[in-house]
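# Predicted model, plus sequence, below.
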Amino acid sequence: MMFLEFFVWGSWFVTLGTFLGNNLSATGTQLAAAFSTQSFGAIIAPFIIGLIADRYFNAEKILGVLHLAGAGLMFMMFRSDSFTGFYPYVFLYMLIYMPTLALVNSVSFNQMKDPAKEFSTIRVWGTIGWISAGLLISYFFLWDSPAAIGAGMLRNTFLMSSISSLVLGVFCFGLPNTPPKAGVAGTRTLSEILGLDALTLLKNRDFAIFFISSVLICIPLAFYYQNANPFLSEVGLPNPTGMMTIGQVSEVLFLLAMPFFFRKFGLKTTLIVGMLAWVVRYVFFAYGDAGSGTYLLIIGIALHGICYDFFFVSGQIYTDSKAGERYKSSAQGLITLATYGIGMLIGFWIAGIVSDAYKYADGHDWKYIWLIPSGIALGVTVLFILFFKDRDFEKVTADRKAEKNIEIKNKLSTR
């Protein structure tokens, strides 16, 4: 289930910008509109999950219906020959796909005795599914080669996604029974479903600064999702979609390394390193090329693990620790709504405006397109360093150091 869930998404989303720009002659603003459908899906998802899935129907059955409907919409995207014909289908598709991300988690958690230990071994198959889709596009079908793009073969990614979505939709009806949680969802208010009751956490200055930083850092994140594949294709990097899977491999590796880094250097440093990685990544993209500067492009792609894991995963851990039992679910919902909803919605539109501003007859001025989000990320990082004090962690760290010093003194006195 998890493999197919992300295979379906990775089959078309990575190359979307390249397809729209080259085959449907989409402008930067139109690209922004297409990618913004993800944000609208993230905003609407809590309504579907909280008002329908949690109350009335089994999660696996809703999952099956949504993916079958998605297969039909994806097929219509495959057949579209203009952006105006394409956009309504991608908009509807993301409205029904984004809720499935929460539904597959619900089905998974319902079968586990200890989700904290078991879930990571299941979720990693989603990343493997995303990587597999990219490798098929670049190295098996060769759909993202210059000749294939010129011949319109990148359109086939939507057909591959449609077929895999159809398979997943049928497969979902055979998943374990995951009924609504009677007596729980029915008592939840609309503000709880949307995570709005967790707004009380913003009274804490550090959390408020983290919250604002999370929204702002999503602006440079949107530049990557919207522009990375078109950029790599335009500068002539071979097999760009397959090369971008390096980012997902990096994500897995740094996810495994993050707990050690978190314990060694603490929350604030981990978050800062994550934000600075965005600054460095885009500088590498700005000055890299498909010739002697290829190594800069590869390093920039490989930094995805630090960019995503060190800030967003650490941020989820921080949010969970701040929320307490009462607001755990609501706080995570609020962060998701603010980042993937509001933050990335703003980011996609800014990325579209910037792309149009630096578009010329023979391509784009990618140097400035990448330096702008790098500057935004640097500004957010500086503000975070200045105002986020992480007072609770500083106290815990001081206590641990004191305990360690006492332990060392005791050992020395024993000797």
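Perfect, thanks for sending it.
# Show me the contact partners of stretch 23-40.
Applying C-beta atoms under 8 Å, 6 or more residues apart in numbering, the contact partners of stretch 23-40 are 16-17, 20-21, 80-83, 86-87, 90-91, 93-95, 98, 149, 152, 154-155, 222, 225-226, 230, 340-342, 344-345, 348-349, 351-357, 359. Backbone N, C-alpha and C define where each C-beta goes, glycine included.
# Generate a PyMOL selection restricted to the buried subset of those residues.
Only the buried entries of the contacts of stretch 23-40 go into this PyMOL selection, using 16 or more other C-beta atoms under 10 Å:
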select buried, resi 16+17+20+21+80+83+86+87+90+91+93+94+95+98+149+154+155+222+225+226+230+340+341+344+345+348+349+351+352+354+355
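# Below-threshold pLDDT in the stretch 251-400 of the chain: ranges please.
324-330, 391-400 (pLDDT under 70).
# where along it do the helices fall?
For the stretch 251-400 of the chain, helices defined by DSSP state H, counting those that start in this stretch occupy the ranges 267-287, 294-302, 304-308, 314-336, 344-357, 366-387, 391-414.
# again with the stretch 1-150 of the chain
2-10, 16-23, 28-48, 59-79, 83-110, 115-135, 146-150.
# Mind pulling the model confidence for residue 196?
Note for residue 196: predicted pLDDT of 67.
# Also compute the angle for the helix of greatest length in the chain relative to helix 115-135, please.
Criterion DSSP state H: the longest helix present in the chain is helix 205-235. Here the directions of helix 205-235 and helix 115-135 differ by 20 degrees (axes from the mean of the first three to the mean of the last three C-alpha atoms, to 10 degrees).
# residues in contact with residue 149?
Taking C-beta under 8 Å, 6+ apart, one finds 18-19, 22-23, 143, 233 in contact with residue 149.
# Closest one of these to residue 44?
residue 19 (24.4 Å; C-beta to C-beta).
# quick one on the thing from earlier: deepest of the helices of the stretch 251-400 of the chain, which one?
Mean neighbour count (mean count of other C-beta atoms under 10 Å) peaks for helix 304-308 among the helices of the stretch 251-400 of the chain, with a mean of 24.
# who's in contact with that one?
221, 224, 246-255, 273-274, 277-278, 281.
# let's see 7 Å
247, 250-251, 253-254, 273-274, 277-278, 281 (C-beta atoms under 7 Å, 6 or more residues apart in numbering).
# Put together TSV for the helices of the stretch 251-400 of the chain, with distance to residue 40 on each row.
Shown next, in TSV, are those (distance: least, C-beta to C-beta, whole Å):
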stretch	distance to residue 40
helix 267-287	24
helix 294-302	27
helix 304-308	22
helix 314-336	14
helix 344-357	7
helix 366-387	22
helix 391-414	35
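# quick one, which of the ones you listed is nearest to residue 106?
Closest among the helices of the stretch 251-400 of the chain, using C-beta to C-beta: helix 314-336, at 11.9 Å.
# tell me the domain boundaries of the chain?
1-178, 192-404 (automatic domain parsing).
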